[in-house]
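S.K.: could you work out the structure for the sequence below:
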Amino acid sequence: MREYRLMTSLKLMKQNIVNMTAGDVAIIASRLEQDEYDSPFEALEDWHLLRAIAFQREELVEPYIHLLDIEAYDEA
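M.R.: The predicted structure follows:
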């Protein structure tokens, strides 16, 4: 049952990312930049969401890529 809920949550998140606008991403990025969360877990949720958006809708995250601290790795 837990796996079903996880898969359902992932599908919903993917659908939400597809429908996100630049304004939606700007709000998430603004929260991360202000860093005024009640708990570190709230910040992690926004960070993971921004990261998921970066993988699916890279063009929306380009202005905020510095918040993700992603480095390119050469696997060769």
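
S.K.: so M20 sits against Q56, correct?
M.R.: No - counting by C-beta atoms under 8 Å, M20 stays clear of Q56, with 9.0 Å between them. The C-beta positions use only the backbone N, C-alpha and C, and glycine is treated the same way.

S.K.: hmm, L68 is touching V61, no?
M.R.: Yes - if you go by C-beta under 8 Å, L68 and V61 touch, sitting 7.3 Å apart.

S.K.: if we can go back for a sec, between M20 and Q56, who's got more neighbours?
M.R.: M20 (16 against 13; other C-beta atoms under 10 Å).

S.K.: phi first, then psi, for the more buried one.
M.R.: The phi/psi pair for M20 (degrees, to the nearest 10) reads phi -70, psi 150.

S.K.: so how far is D38 from it?
M.R.: Distance, M20 to D38, by C-beta to C-beta, to the nearest Å: 24 Å.

S.K.: same check on D46?
M.R.: The value you get for D46 to D38, if C-beta to C-beta is used, is 12 Å.

S.K.: ok, L49 next?
M.R.: 17 Å.

S.K.: tell me which of those two has more neighbours.
M.R.: L49 (18 against 7).

S.K.: so the more buried one is in which element?
M.R.: Taking DSSP states H and E as the definition, L49 sits inside helix 40-56.

S.K.: what comes up buried for that helix?
M.R.: 46-47, 49-50, 52-54 (16 or more other C-beta atoms under 10 Å).

S.K.: for stretch 19-34, same thing?
M.R.: 20, 25, 28-29, 31-32.
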